[in-house]
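Novice: I'll drop the sequence and a predicted model, then ask my questions.
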Amino acid sequence: NAGVMQNPRHLVRRRGQEARLRCSPMKGHSHVYWYRQLPEEGLKFMVYLQKENIIDESGMPKERFSAEFPKEGPSILRIQQVVRGDSAAYFCASSGISGGSYNEQFFGPGTRLTVL
Amino acid sequence: AQSVTQLDSHVSVSEGTPVLLRCNYSSSYSPSLFWYVQHPNKGLQLLLKYTSAATLVKGINGFEAEFKKSETSFHLTKPSAHMSDAAEYFCVVGRDTDKLIFGTGTRLQVFP
């Protein structure tokens, strides 16, 4: 059973370009979460999605960032017009269907974005 | 509102000696608490979790943590450190399938 997959693992962009980060959840998981880790910091929640729905985007910057989890295919985190401050590791996690008890979030290996 | 505070940014121990990584939490309701480990340039791995069952939680690789409500603490311990334990450790609070709130991390160094 493959784990959470993220690609690319490393992404280099110049200021003003767009970055697209992909996340394929574990088989059978319908919940996806995106977190950002700035250098020397802990992870910060960005957005929580289920298939075709954004459930909680309280951690997303108001501009330039968007996320989707279509019915088919991976979840995409999109950053438009990147700036140097967007350089970070972006982690995706997935979990199974909630049954009233906690469902562990399984993390992918992350995408390390570098903005030149 | 929920939050976690990791009291030490760095901890250094000698191989074979005990490990203690400290974490205090704040939560307005019964929390779920976790410890994750992150090895360099790798993803995160769940070490253990507390979800209102037994207060002493045993995890992988010999780690355990004790939930102490009176002290609002959830410290991570291991009786004997191994070189392979060197990593970043995160104390995390969360609830059901909601967002996780991470502490700032404790970097564990293990010397031979």
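Specialist: Sure, I can see it. On a predicted model such as this, the values are computed, not experimentally measured, just so you know.

Novice: can you list the weak-confidence ranges in the chain?
Specialist: Since no chain was named, I'll use chain A. Where chain A drops to pLDDT under 70, the residues are A:1, A:97-103.

Novice: wrong one, chain B
Specialist: In chain B (pLDDT under 70), the answer is B:95-97.

Novice: chain A contacts on that one?
Specialist: B:32, B:36, B:41-46, B:49, B:51, B:90, B:94-105 (CB under 8 Å from any CB of the partner chain). Every residue, glycine included, has its C-beta placed from N, CA and C.

Novice: try 7 Å this time
Specialist: Proximity of chain B to chain A, by CB under 7 Å from any CB of the partner chain, involves residues B:32, B:42-44, B:46, B:49, B:51, B:90, B:96-97, B:99-100, B:102-105.

Novice: can you give me the strands in chain B?
Specialist: Along chain B, counting by DSSP state E, strands occupy B:3-6, B:10-14, B:19-21, B:23-26, B:32-38, B:44-50, B:56-58, B:64-68, B:73-78, B:87-94, B:101-102, B:106-111.

Novice: partners of the last one in the sheet?
Specialist: What it means is strand B:106-111. Strand pairing for strand B:106-111, using DSSP bridges, gives strand B:10-14 (parallel), strand B:87-94 (antiparallel).

Novice: ok, the residues of chain B next to chain A vs residue A:20, which is closest?
Specialist: Residue A:20 lies nearest to residue B:43 out of the residues of chain B next to chain A, by CB to CB, at 19.4 Å.

Novice: doesn't residue A:108 make contact with the closest one?
Specialist: Yes - Residue B:43 is within contact range of residue A:108, at 5.7 Å (criterion: CB atoms under 7 Å).
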